[in-house]
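[1] I need the structure of the sequence given here:
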Amino acid sequence: MGGAPDTGIDNKGMIDLEIVSFSPEDNLSRYLSEIRKFPLLGRDQEVDLARRWRDSRDMDAGRLLAGSHLRLVAKIARGYRGYGLPVGDLISEGNVGLMQSLRKYDPDKGFRLATYAMWWIRAAIQEYILHSWSLVKTGTTAAQKKLFFNLRRLKAGMDAYEDGDLPSETVAAIAVELAVPEQDVVAMNRRLSSSGEMSLNVALKDGSDSEWQDLLVDETMDQETMIAEADELSWRRGLLEQSLDSLNARERHILSERRLREEPRTLEDLSREYGVSRERVRQIEVRAFEKLQSAMQSLALALQPKAAFA
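    Residues are numbered from 1 along each chain as shown. The predicted model follows:
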């Protein structure tokens with residue numbers, strides 16, 4: 001890998017983005033090959049580097065942390081290539097999100113950097129797409145942003161592949177799913193359908209031998225994604241364990257017996273155990289679940305950036 005210039009840290013505590021000697025916009029294939037040279041970090045090594053970066057802004061530690069997650073950025077960015085924007089640009093924006101996450105990441109919270117950073121990466125890419133697409137105006141509401149990024153996925157799930165306007169029942173189902181007016185679903189579908197398609201055999205740039213199809217990757221889960229999803233699951237379990245403390249002993253026991261067991265116990269069993277009616281057990285279960293949901297949401301908001309629209 002080419003040497004990186006020692007540019008230090010800017011006034012916001014950001015690592016210089018040029019941790020490789022070229023950018024994805026210059027030569028995407030070479031960039032993707034180059035970032036694979038950064039080693040994947042074990043948990044202990046990552047924690048040590050993150051503390052050095054957090055406590056003393058150690059640039060070597062910061063570059064290693066950032067470099068080891070560039071493949072995660074590229075993986076997420078390729079998931080947005082259907083919006084007609086250069087993948088290199090999407091990766092560059094995702095890299096900005098990665099650097100922003102490093103400013104706020106606290107390794108002592110107990111979850112890995114990949115779990116935390118993916119929210120910032122997605123948010124940066126989505127903001128770039130929204131500002132770049134002529135079809136979506138600046139100032140779009142949160143609901144419309146959610147519609148923009150989820151319409152294709154929902155259509156695919158409903159096997160709605162035909163051209164033209166969607167059937168009324170499909171429009172209604174999508175509107176309910178995303179909590180938006182039906183006319184917004186119709187309008188967004190028309191905008192996205194009119195954007196046109198691009199052949200995978202088109203050259204990446206004039207005079208280039210590389211085509212867009214060269215960027216297609218194996219959709220099976222790669223190591224970075226497996227690590228991120230495993231950490232996400234571990235993080236959610238941690239939220240659950242902490243949030244269970246918001247329940248009293250009876251609520252925690254009933255909820256655990258009814259919803260956390262592999263073979264849930266019946267209301268009748270628990271009503272006999274506690275000497276109350278089945279309806280009373282059901283009420284306690286519902287109240288406990290609502291309290292648990294509220295506690296988990298509050299804890300998650302305290303730990304994560306409000307970054308993703310999708």
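[2] Please work out how many residues are found near the residue nearest to residue 186 when sequence neighbours are not counted.
    Nearest-residue entry for residue 186: residue 171, 6.0 Å, with adjacent residues in sequence omitted and distances by C-beta to C-beta, 6 or more residues apart in numbering. C-beta coordinates here come from the backbone N, C-alpha and C atoms, glycine included. Using other C-beta atoms under 10 Å as the criterion, residue 171 is surrounded by 18 other residues.
[3] which residues touch residue 171?
    182, 185-186, 189 (C-beta atoms under 8 Å, 6 or more residues apart in numbering).
[4] Sticking with it, tell me its helix or strand.
    In this structure, residue 171 sits in helix 168-178 according to DSSP states H and E.
[5] same for the next helix-or-strand element following that helix, what does it pack against?
    In the C-terminal direction, the helix or strand that comes right after helix 168-178 (DSSP H and E) is helix 182-193. Packed against helix 182-193 by the contact rule (3 or more C-beta pairs under 8 Å, 6 or more residues apart in numbering; DSSP states H and E) you find helix 142-157, helix 168-178.
[6] confidence score at residue 101?
    pLDDT recorded at residue 101 is 92.
[7] Any idea how many residues pack against it?
    Burial of residue 101 is recorded as 24 neighbouring residues (other C-beta under 10 Å).
[8] Report the buried residues of whichever strand or helix holds residue 55.
    Counting by DSSP H and E, the element that carries residue 55 is helix 43-56. Applying a neighbour-count criterion of 16 or more other C-beta atoms under 10 Å, the buried positions in helix 43-56 are 46-47, 49-50, 52-54.
[9] about what we covered before: can you check which of the helices and strands packed on helix 182-193 gets nearest to residue 298?
    Evaluated with C-beta to C-beta, the helices and strands packed on helix 182-193 place helix 142-157 nearest to residue 298, the distance being 19.8 Å.
[10] how much space between the closest residue in space to residue 240 that isn't next to it in sequence and residue 117?
    Beyond its immediate neighbours in the sequence, the residue positioned closest to residue 240 (C-beta to C-beta, 6+ apart) is residue 296, lying 6.6 Å away. Relative to residue 117, residue 296 is positioned 21 Å away (criterion: C-beta to C-beta, to the nearest Å).
[11] cool, and residue 45?
    As defined by C-beta to C-beta, residue 45 lies at a distance of 16 Å from residue 117.
[12] Narrow the contacts of residue 171 to those that are buried.
    185-186, 189.
[13] Average pLDDT for whichever strand or helix holds residue 73, rounded please.
    Element membership of residue 73 [criterion: DSSP H and E] is helix 70-78. For helix 70-78, the mean pLDDT works out to 91.
[14] could you say what helices and strands it packs with?
    Applying 3+ C-beta pairs under 8 Å, 6+ apart, we find helix 70-78 packed against helix 28-35, helix 87-104, helix 113-132, helix 223-243.
[15] Let's see that with 6 Å instead.
    helix 87-104, helix 113-132 (3 or more C-beta pairs under 6 Å, 6 or more residues apart in numbering; DSSP states H and E).
[16] Return the member of those having the minimum mean pLDDT.
    The stretch with the lowest mean pLDDT among the helices and strands packed on helix 70-78 is helix 113-132, which comes in at a mean of 87.
[17] Just the angle for it relative to helix 142-157, thanks.
    Interaxial angle of helix 113-132 relative to helix 142-157 (axes from the mean of the first three to the mean of the last three C-alpha atoms, to 10 degrees): 100 degrees.
[18] buried set for helix 113-132?
    113-130, 132.
[19] again with stretch 292-301
    Across stretch 292-301, burial judged by 16+ other C-beta under 10 Å covers 292, 295-296, 299.
[20] re the thing from before, need the pLDDT of the residue nearest to residue 186.
    For residue 171, the pLDDT comes out at 84.
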